[in-house]
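>>> Could you look at this predicted model? Sequence included:
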Amino acid sequence: MTRLDSFIRRLEAQRACLNLAADRIVDLPGPVLELGLGNGRTYSHLRDLLPGRQIFVLEREVRCHPADLPDPQHLLLGDFRDTLPSAGDRLPGKTALAHADIGSGDHEATAELASWLAGALPALLAEGAWVVSDQPLPHWSLLPQPLPTEVPANRYFLYCHCSARAQRAAS
């Protein structure tokens, strides 16, 4: 597979997972977290999918199209390890949906960041929140969810945040 084909498949998987997660949180109040603005394509898609939601973006350095730049109240600049722990102070409640697009060409650094994120993110999530990620996020409260049929395994990852109490009740 060419790199172009791989890129297209990744974006198709990302879109399918975001669309599914947006459908699942329609009745769950709370803001959206976008971890990694990049060039703003996903942020633009989330604004279209969830027009009534506040979307908070965490990004190290802004490099997006000006039309896809969040306003200063919804943009947290800096390393995730610095901005995510205090993000809850700016959010109007627990997060209903989080999207993490954190992969880079450095597989070791990406795995390390994903491991850290898996431990830090659940504190900001509402019960029943959905997480869409380009990396696996192993955490006891993040229950893997079935991917849309068109998304191959391990191309993208979907989770539902459920507390230990909710997991015990479901068993």
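Received it, and whenever you're ready, just let me know what you need.
>>> how about the strands of the protein, start to end?
Per DSSP state E, the chain carries strands over the ranges 32-35, 55-59, 75-77, 95-100, 125-133, 142-144, 157-161.
>>> To residue 6, which of those strands lies closest?
Counting by Cβ to Cβ, residue 6 lies closest to strand 157-161 out of those; the figure is 16.7 Å. The C-beta positions use only the backbone N, C-alpha and C, and glycine is treated the same way.
>>> would you turn the strands of the chain into JSON lines with mean pLDDT, mean neighbour count and distance to residue 2?
Below are the strands of the chain laid out as JSON lines (pLDDT from 0 to 100; neighbours: other Cβ atoms under 10 Å; distance: least, Cβ to Cβ, whole Å):
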{"stretch": "strand 32-35", "mean pLDDT": "96", "mean neighbour count": "26", "distance to residue 2": "28"}
{"stretch": "strand 55-59", "mean pLDDT": "94", "mean neighbour count": "23", "distance to residue 2": "29"}
{"stretch": "strand 75-77", "mean pLDDT": "93", "mean neighbour count": "17", "distance to residue 2": "34"}
{"stretch": "strand 95-100", "mean pLDDT": "97", "mean neighbour count": "26", "distance to residue 2": "26"}
{"stretch": "strand 125-133", "mean pLDDT": "97", "mean neighbour count": "23", "distance to residue 2": "24"}
{"stretch": "strand 142-144", "mean pLDDT": "97", "mean neighbour count": "17", "distance to residue 2": "29"}
{"stretch": "strand 157-161", "mean pLDDT": "97", "mean neighbour count": "23", "distance to residue 2": "24"}
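>>> got TSV for those strands, with distance to residue 14 too?
Shown next, in TSV, are the strands of the chain (distance: least, Cβ to Cβ, whole Å):
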stretch	distance to residue 14
strand 32-35	12
strand 55-59	16
strand 75-77	21
strand 95-100	8
strand 125-133	7
strand 142-144	17
strand 157-161	11
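>>> Leaving out the residues flanking it, which one is nearest to residue 25?
residue 96 (4.5 Å; Cβ to Cβ, 6 or more residues apart in numbering).
>>> Please name the residues that touch the one you found.
Shown in contact with residue 96 (Cβ atoms under 8 Å, 6 or more residues apart in numbering): 25, 28-32, 53, 126, 129-130.
>>> Ranking helices and strands of this protein by mean pLDDT, which lands last?
When each helix and strand of the chain is scored by mean pLDDT, DSSP states H and E, helix 164-170 comes last, with a mean of 53.
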